[in-house]
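[1] Structure for the following, please:
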Amino acid sequence: MVVPCYRETARVLDVLARIGPEVARIVVVDDACPDGTGRWVREHSRDPRVEVLIHDTNQGVGGATMSGYRRALEAGADIIVKLDGDGQMDPELIPTLIRPLLAGEADYAKGNRFRDLDGLSAMPPVRLIGNLALSFASKVSSGYWDLFDPTNGFTAIHAKIVRALPLARISRSFFFESDMLFRLYLLRAVVTDIPMRARYGGEQSTLRIARVIGEFALKHHCNTAKRIWYTYFLRDFSAASVELVFGLLLLLFGTGFGLWQWNASIASGVPASAGTVIVAALPVILGFQLLLAFLHFDVGNVPRRPIHPGL
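    Numbers count the residues shown, from 1 in each chain. Below is the predicted model:
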């Protein structure tokens with residue numbers, strides 16, 4: 001198990017104490033905490049499973065998790081669970097989280113706070129709205145259209161999948177969870193959601209929406225372009241590829257031609273003919289239909305067969 005920490009001295013010991021016997025080793029990663037969370041754990045934890053890693057410089061939640069992953073691999077872990085040290089995740093759900101991996105049904109499992117509608121009342125409105133927007137953006141960029149709550153950090157991954165991932169290229173910032181999904185899709189790994197209740201106490205999130213919105217938007221855009229290019233043009237070229245190319249070309253032509261004729265009509269004061277309107281509208285309609293067909297194919301192209309048994 002990996003527990004990345006940043007300013008968690010008030011909660012981390014309680015989190016560690018609630019981790020059950022199904023976990024063989026616990027790697028606590030102090031990401032250069034100003035309050036010395038790692039030293040606090042070393043001094044006060046009596047659990048022999050606990051090992052503490054301390055970063056000299058802050059690497060972000062992604063960097064801390066990658067350090068924990070590497071240490072877990074060195075220790076011979078088969079399944080690696082990530083559990084944040086802020087107490088928002090219930091360690092008692094670990095057996096439920098890892099069950100799909102043990103059964104060979106998934107390569108990666110993550111929590112989903114939106115399955116339990118009653119528990120959503122505990123989620124602050126700003127986080128609720130932000131998660132809705134981030135979830136849709138992540139669906140587009142990762143290709144996992146059947147997943148929700150992409151920023152949920154309660155995850156379990158098979159060690160074979162970790163070894164296959166380009167750990168050095170995964171985002172180290174708060175974009176880590178979304179970038180993980182993108183990388184997993186490129187491997188064609190099966191990812192599943194596990195329902196969990198939202199738990200919020202007095203902790204203060206270090207995520208500031210205003211600071212990361214630009215970074216998230218740019219990285220989601222880049223990952224979307226990469227995923228489509230890799231999936232539909234480099235690794236394969238199918239009917240969906242044709243639908244995407246011709247759909248975009250027709251839509252762009254129809255829109256551009258229509259705007260040009262509309263501007264010319266305004267300048268001359270002469271209404272556009274019916275034929276001109278049809279020439280502008282028909283490509284837009286056909287292009288839109290082709291893009292819808294591509295989207296339908298992409299939604300159905302979510303990985304369904306776990307890959308870790310064959311790695």
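[2] Just the buried positions in stretch 144-152, please.
    Neighbour-count burial for stretch 144-152 flags 144, 145, 147, 148, 149, 150, 151, 152 (criterion: 16 or more other CB atoms under 10 Å). Bear in mind the C-beta positions are built from the backbone N, C-alpha and C, glycine included.
[3] Apart from its chain neighbours, what residue comes closest to the second one?
    Once flanking residues are discounted, residue 145 sits nearest to residue 299: 4.6 Å by CB to CB, 6 or more residues apart in numbering.
[4] What's the local residue count around the one you found?
    Look at residue 299: counted by other CB atoms under 10 Å, it has 12 neighbours.
[5] hmm, back to that, in CSV, list the buried residues of stretch 144-152 along with distance to residue 187.
    Formatted as CSV, these follow (distance: CB to CB, whole Å):
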residue, distance to residue 187
144, 12
145, 17
147, 15
148, 21
149, 21
150, 17
151, 21
152, 20
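[6] which among those gets closest to residue 172?
    Within the buried residues of stretch 144-152, the smallest distance to residue 172 is 15.0 Å, found for residue 151 (CB to CB).
[7] Give me the secondary structure label for that closest one.
    Following DSSP: H, G, I helix; E, B strand; the rest coil, the label given to residue 151 is coil.
[8] Return the residues in contact with it.
    131, 134, 174, 177, 178 (CB atoms under 8 Å, 6 or more residues apart in numbering).
[9] any idea how far residue 138 is from it?
    8 Å (CB to CB, to the nearest Å).
[10] Please enumerate the shared neighbours of those two.
    By the contact definition CB under 8 Å, 6+ apart, residue 151 and residue 138 are jointly contacted by residue 178.
[11] thinking again about what came up before, the buried residues of stretch 144-152 into TSV, with extra columns for distance to residue 190 and pLDDT?
    As requested, the buried residues of stretch 144-152 are exported to TSV (distance: CB to CB, whole Å; pLDDT from 0 to 100):
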residue	distance to residue 190	pLDDT
144	10	97
145	14	96
147	11	94
148	16	90
149	17	88
150	16	87
151	20	83
152	17	89
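[12] Out of these, which comes closest to residue 269?
    For the buried residues of stretch 144-152, the minimum distance to residue 269 (CB to CB) is 48.0 Å, reached by residue 145.
[13] Residue 298 is in contact with that closest one, correct?
    Yes. The criterion here is CB atoms under 8 Å, and residue 145 meets it with residue 298 at 7.4 Å.
[14] Go ahead and flag the most central residue of the chain.
    Geometric centre of the chain, nearest residue: residue 178, 2.3 Å, by CA atoms, centre = their mean.
[15] Mind listing residues that contact the helix or strand harbouring that one?
    Using DSSP states H and E, the element containing residue 178 is helix 176-187. Contact with helix 176-187 is made by 60-62, 65, 107-108, 110, 134, 137-138, 141-144, 147, 150-153, 155, 161, 164-166, 169-171, 191, 216, 219-220, 223, 226-227, 230, 303, 307, as judged by CB under 8 Å, 6+ apart.
[16] Now, those residues that are in helices?
    The helices, defined by DSSP state H, take in 60-62, 65, 134, 137-138, 141-142, 161, 164, 216, 219-220, 223, 226-227 from the contacts of helix 176-187.
[17] Mind giving me the ChimeraX command for buried ones among those residues?
    ChimeraX command restricting these to the buried ones, with burial defined by 16+ other CB under 10 Å:
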select :60,61,62,65,134,137,138,141,142,161,164,216,219,220,223,227
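[18] what angle sits between the lowest-mean-pLDDT helix or strand in the chain and helix 176-187?
    Least confident helix or strand, the chain: helix 125-142 with a mean of 85, by mean pLDDT, DSSP states H and E. Angle of helix 125-142 versus helix 176-187, following axes from the mean of the first three to the mean of the last three CA atoms, to 10 degrees, is 20 degrees.
[19] which regions of the stretch 151-300 of the chain lie under the pLDDT threshold?
    Counting by pLDDT under 70, the stretch 151-300 of the chain contains low-confidence residues at 198-211.
[20] where exactly do the strands run in it?
    In the stretch 151-300 of the chain, the segments counted as strands under DSSP state E, counting those that start in this stretch are 155-158, 191-195.
[21] of the ones you listed, which approaches residue 21 most closely?
    Across these, residue 21 has its closest neighbour in strand 155-158 (16.5 Å, CB to CB).
[22] Run through who's touching that closest one.
    Applying CB under 8 Å, 6+ apart, the contact partners of strand 155-158 are 69, 78-82, 94, 97-98, 101, 107-111, 177, 180, 308.
[23] Sheet-wise, list the partners of that strand with their directions.
    Sheet pairing of strand 155-158 (DSSP bridges) gives strand 79-82 (antiparallel), strand 108-112 (antiparallel).
[24] Could I get those in a markdown table, plus columns for distance to residue 251, mean pLDDT and mean neighbour count?
    Formatted as a markdown table, the strands paired with strand 155-158 follow (distance: least, CB to CB, whole Å; pLDDT from 0 to 100; neighbours: other CB atoms under 10 Å):
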| stretch | distance to residue 251 | mean pLDDT | mean neighbour count |
| --- | --- | --- | --- |
| strand 79-82 | 41 | 98 | 25 |
| strand 108-112 | 34 | 95 | 24 |
